[in-house]
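>>> Show me how the following folds:
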Amino acid sequence: MASPQCCANPPTLNPAGGEGKVVDSFGGIKAYVSGAAESKAAVVLVSDVFGFEAPNLRKMADKVASSGYFVVVPDFLHGDPFVRENTERPIEVWIKDHGAVVVELAKAHEIHAAVMCHPSLVTVDDMKEVKCPIAILGAEIDHMSPPEVVKQFEQVLSSKSEIGHFVKIFPGVEHGWTVRYKDDDAAAVKSAEEALADMIDWFNKNLK
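This is a model prediction of the structure:
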């Protein structure tokens, strides 16, 4: 069951935002790209329910790109971001058309490293199948993946000695805090920047 937290603090979408550019087809999917194509490695950022036009997500993409990566933010929602005002399609209905992405890639030998920020629709059984180094950045106040569940994820990952992992729970923040913070909230910005630094550090350690 989706939680109201997963669609709280909706961003004002901006299709023209960011320092990068939008391409009509990247592997057959519309995408926002940032950074040099000849970078040392590529990073794919997956949006939350509000899609790839969210300003803070694109800001995150640009910052990851500035650390030496080619960053792609695909429109995995295919032009169908969640719209809270659409009462005929509440989150419980909308979510049926859009499943988890990052953990599925981590389970399929498709990527070299993964980072999940305030994960949704992820289970302990998913963690048992992870095949690449993975970092999980959780929120203290999260109904989708509360700290006790994130700690269960950590226990499973700790039993897989061949898989590197990093698990951190950020105090005082809610689900979605890494991309749905307000620019005038200094504490929220600081927490988001700390999470971004952890993400980039994880990539630097695991993407050779």
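>>> okay, CA-based contacts and neighbour counts for the rest of this
Noted.
>>> low-confidence ranges in this protein?
1-6, 208 (pLDDT under 70).
>>> can you do 80?
1-9, 99-100, 208 (pLDDT under 80).
>>> the longest strand in it is where?
strand 165-174 (DSSP state E).
>>> Which strands or helices does that one pack on?
On a contact count with 3 or more CA pairs under 8 Å, 6 or more residues apart in numbering; DSSP states H and E, strand 165-174 meets strand 134-141, helix 147-158, helix 186-206.
>>> Mean neighbour count, the ones you listed: which tops it?
Stretch with highest mean neighbour count among the helices and strands packed on strand 165-174: strand 134-141 (a mean of 23; mean count of other CA atoms under 10 Å).
>>> got the angle for that strand vs strand 165-174?
If you take axes from the mean of the first three to the mean of the last three CA atoms, to 10 degrees, strand 134-141 sits at 20 degrees to strand 165-174.
>>> Could you list the paired strands of strand 134-141 along with their orientation?
Partners of strand 134-141 in the sheet, by DSSP bridges, are strand 114-117 (parallel), strand 165-174 (parallel).
>>> From His143, how far out is the closest residue to Val149 other than its chain neighbours?
In space, and not counting its chain neighbours, Val149 is closest to Val124: 7.9 Å by CA to CA, 6 or more residues apart in numbering. Distance of Val124 to His143, computed by CA to CA, to the nearest Å: 15 Å.
>>> what do you get for Ala195?
Noted for Ala195: a distance of 19 Å to His143, by CA to CA.
>>> rewinding a little: could you pull up the residues touching the residue nearest to Val149?
Residues in contact with Val124 (CA atoms under 8 Å, 6 or more residues apart in numbering) are Val149, Gln152, Phe153, Val156.
>>> Which residue, other than its chain neighbours, is closest to Glu129?
Closest to Glu129 by CA to CA, 6+ apart is Lys107, at 5.3 Å.
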